[in-house]
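Student: any chance you could fold what I've pasted below:
(2 chains, ligands or ions: 3)
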Amino acid sequence: MAKKLAVLDVNKCIGCMECMFACSRRVGRVGFDKSAIKVRSAGGIERGFVIVVCRACENPPCAKVCPTEALRARKEGGGVILNENKCIGCGFCVQACILGAIFWDSERDKPVVCKYCGDCVDYCVHDVIGLVDVKGEV
Amino acid sequence: MKVEDMNNVLYIDLTKKGIRTESRRDLFDKYLGGSGVGIKLLEEECPPGIDPLGASNPIILAVGPLTALYPSASKTVAMFKSPLTGNLGESHCGGRSAMAIKLAGYGAIVITGSSDLPLYLAIEGDEVKFRDASSVWNMDAVTVGRVLREVEPGAGVRTIIRTGTAGPKMVRYACAVSETYRHFGRLGLGAVMGSKKLKALVITADKSVEIAKQKRKEYKRAYDVIQNIVVKTDAMEKYHDLGTPGKIYNLNKLGGMACKNLESARAPEEIAREFSGEQIAERYLSRRISCAHCPVGCVHLAALRELYEPGYYFKTVTVPYDNETIYSLGFMLGMQKAEDYLLLNDRVDFVGMDAISTGVILAWATEAYAKGLITKQHTDGLEFNWGDVQVYLEAINKIVEMPNEFYQNLAKGVEHASSVYGGQDYALAFGGNEMPEYHTGLACYMNNLTGARHSHLDSAGYDLDQKLMGKDFTIEGVVSALLKEEQWRQIPSSLVVCFFARKVFTPEIVIQALDAIGLEGWTTEKLEDLGREIHRAKMNFKFREGYDLAKLRIPKRIFEVPTPHGYLKEADLRKAIDIYGEMIGV
Ligand code: SF4
Ligand code: SF4
Ligand code: SF4
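Tutor: Numbering: from 1, shown residues only, chains lettered A, B, ... in the order given. Ligands and ions are numbered 1, 2, ... in the order given. Just a heads-up that it's a prediction; the model follows:
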């Protein structure tokens, strides 16, 4: 069953960045330049946090602007899948995602977008984020 | 970047506006990082006998091998010569500071010299930008943060370390603030920044550390072990739920909470309830936040709606609160309402002063005023009176603005002010640093007197006092336990991990964590030896700068109020100091 990452309750977020570190750890990195999730303050920490991550749109706008079909809509409803070999690093997808959920790996000149793997979820001890079934799936 | 790149030290010369980066593997291999590397850099950079507010006082910011790589390794150690005590200045701060320094590519940053014009430093990529700070120089700590947040890139992955209005005025206990709610609080880093015409540092975490392929599995395993212990130990419950104020009520009940300049060590029941962690949380807690890469979330923010002008003009302020500030600005100043304490805390954070020092100084001034040692002439018309929040709010402003000699003296700390006006018997500073919360017994005062930073976290004497309740003990036993604790604590503060998670980082866990990132060969014995060596180096720096066990001033007041162990005797405390001297061989 296809999954997507969901923000369950942003009010519980403490801004610890453990999710960001978990995402980069998948590729053996400690830092943020390979992370597909970003937590930042909503204009001053007192206002709480904003979690920027792919929300797995149905009919994803980012995929529509990809000239090489490197970024395609997932077959199982919602979200995208990236084939890096086809990606020419044009950055159109970054502009098309109005949530800002496509990050840029400037080392490799490729987009970084969530793979819905759920690694980050395991490290969010405050139950802010979770893996859920994509809509329309049974 | 690679794990080894943390050996890089960034040297910034504010006089020449120049920088250089040097690999100091020699230091990091031997002393890990944080306090260990910090004290060695201080030895190299700080000539003996200098004026702490002169250009030759360096500022050293050091992180450690575990920083950014493991959960709760979230602190930066600052080292400098303290303008408050005249010897070792060491202060720790979380927020995003440690993560940012490490992921900017450095193990330490050394700032020397002094600028002609006010400036701030923007450290991003491999560049250091020296930017004109004239327009923000006299701004408070909150506003300058807001300005720099907007003008500098790197939102979300940077630290902004800045001073408020007290730093530029060189109030000797001015602090440096990071991420609005975290502080390099004690011992006057903000004043040293002020003396260098340095308003702020913005450091962006724009790099990442690559774990070697063959180490990745091991690294993840070591990471998960630590993560699991951190979230399962009592640290979560203790520090996340109510935070450090959770222990206020019981400490007061025990009779170990200094109130009204230690007129007593137990406030009346209704005050204890008013200031308990439970009450404040129920009425004011608005959010819990954490330092970067720490799942605990111990920082508690209160939202306070305040009427500031008749006619329905309200504002809502957010105030970080914890047990130390509730003590110093609440209990010590005889506050009746938690709301009043929060207002004071807000003002202290706004101007950027250490909250403990500020509270203790104002408490002394209140008593000295009541006893007639100082008059309205001194106070510029203010009538100091326990619990009078408006007067204290104005006094805080006056300490920064220094309209007369009296406030200039207050800005130098209670040790100094009492040497001018008298009242030393109740001037509650130890080694020149204003005292922390506890009046629990021999151990807490030995900690205050002989701890390298005169901070309650040096050897946690307050904790030992409480553990010894109802037990037989000897002075030798107490002194040796404190010394051992302080020596070991040099290891967590060199790695650098948060003291709140210190129980997680046993020698075994530390060795595993270091191994997993390729720093092999550490043993329990080697770590313990290093702890002793770092502690010794810190004490040597103090002795070099004039700290003298034989000359320690002990305010009489602490012998006049019973502790939970009964009245403390001066002879016992002096004996303990002698024993301490023998133990460390001075
Ligand atoms: S990257 Fe943005 S546009 Fe594309 S699917 Fe995710 S949220 Fe939608
Ligand atoms: S689900 Fe996986 S890819 Fe997506 S943000 Fe979390 S760790 Fe990264
Ligand atoms: S791990 Fe959870 S609490 Fe921490 S920043 Fe991410 S979403 Fe927020």
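
Student: tell me which other helices or strands whichever strand or helix holds B:Thr316 touches.
Tutor: In this assignment (DSSP states H and E), B:Thr316 forms part of strand B:313-321. Under the contact definition 3 or more C-beta pairs under 8 Å, 6 or more residues apart in numbering or on different chains; DSSP states H and E, strand B:313-321 sits against helix B:277-284, strand B:299-309, helix B:338-351. Every C-beta, even on glycine, is put in place using the N, C-alpha and C of the backbone.

Student: ranking those by burial, who's on top?
Tutor: Comparing the helices and strands packed on strand B:313-321 by mean neighbour count (mean count of other C-beta atoms under 10 Å in any protein chain shown), helix B:338-351 comes out on top with a mean of 23.

Student: how about that helix, does it reach chain A?
Tutor: No: figure legend: helix B:338-351 not in contact with chain A (C-beta under 8 Å from any C-beta of the partner chain); closest approach 11.8 Å.

Student: residues contacting that helix, please?
Tutor: The contact list for helix B:338-351 (C-beta atoms under 8 Å, 6 or more residues apart in numbering or on different chains) reads B:140-142, B:164-166, B:177, B:181, B:183, B:274-275, B:279-280, B:283-284, B:302, B:304, B:306, B:317, B:319-321, B:325-326, B:329-330, B:333, B:335, B:355, B:358-359, B:387, B:389, B:392-393, B:396-397, B:400.

Student: repeat that with 7 Å
Tutor: B:140-142, B:164-166, B:274-275, B:279-280, B:283-284, B:302, B:304, B:306, B:317, B:319, B:321, B:325-326, B:329-330, B:335, B:355, B:358, B:389, B:392-393, B:396, B:400 (C-beta atoms under 7 Å, 6 or more residues apart in numbering or on different chains).

Student: ok, which of those also contact ligand 1?
Tutor: Contacts with ligand 1 are made by none of these, judged by C-beta under 6 Å from any ligand atom.

Student: what parts of chain B come near chain A?
Tutor: When proximity is defined as C-beta under 7 Å from any C-beta of the partner chain, chain B approaches chain A at B:68-69, B:71, B:103, B:155-157, B:179-181, B:205, B:207-211, B:213, B:216, B:220, B:227, B:231, B:287-290, B:292-295, B:297, B:301, B:318.

Student: drop anything exposed from the residues you listed.
Tutor: B:68-69, B:71, B:103, B:156-157, B:179-181, B:205, B:207-211, B:216, B:220, B:227, B:231, B:287-290, B:292-295, B:297, B:301, B:318 (16 or more other C-beta atoms under 10 Å in any protein chain shown).

Student: nearest to ligand 3, of the helices and strands packed on strand B:313-321?
Tutor: Closest of the helices and strands packed on strand B:313-321 to ligand 3 is strand B:299-309, at 12.9 Å (criterion: C-beta to the nearest ligand atom).

Student: what helices or strands is that closest one leaning on?
Tutor: Counting contacts by 3 or more C-beta pairs under 7 Å, 6 or more residues apart in numbering or on different chains; DSSP states H and E, strand B:299-309 is packed against helix B:277-284, strand B:285-289, strand B:313-321, helix B:338-351.

Student: tell me the angle the first one makes with helix B:338-351.
Tutor: Angle of helix B:277-284 versus helix B:338-351, following axes from the mean of the first three to the mean of the last three C-alpha atoms, to 10 degrees, is 80 degrees.

Student: residues in contact with helix B:277-284?
Tutor: B:Leu242, B:Gly243, B:Pro245, B:Gly246, B:Ile248, B:Arg273, B:Ala302, B:Ala303, B:Leu304, B:Tyr321, B:Ala338, B:Leu342.

Student: still on that earlier bit, save the helices and strands packed on strand B:299-309 as TSV, and put in distance to B:Leu495 too.
Tutor: Formatted as TSV, the helices and strands packed on strand B:299-309 follow (distance: least, C-beta to C-beta, whole Å):
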stretch	distance to B:Leu495
helix B:277-284	29
strand B:285-289	23
strand B:313-321	25
helix B:338-351	28
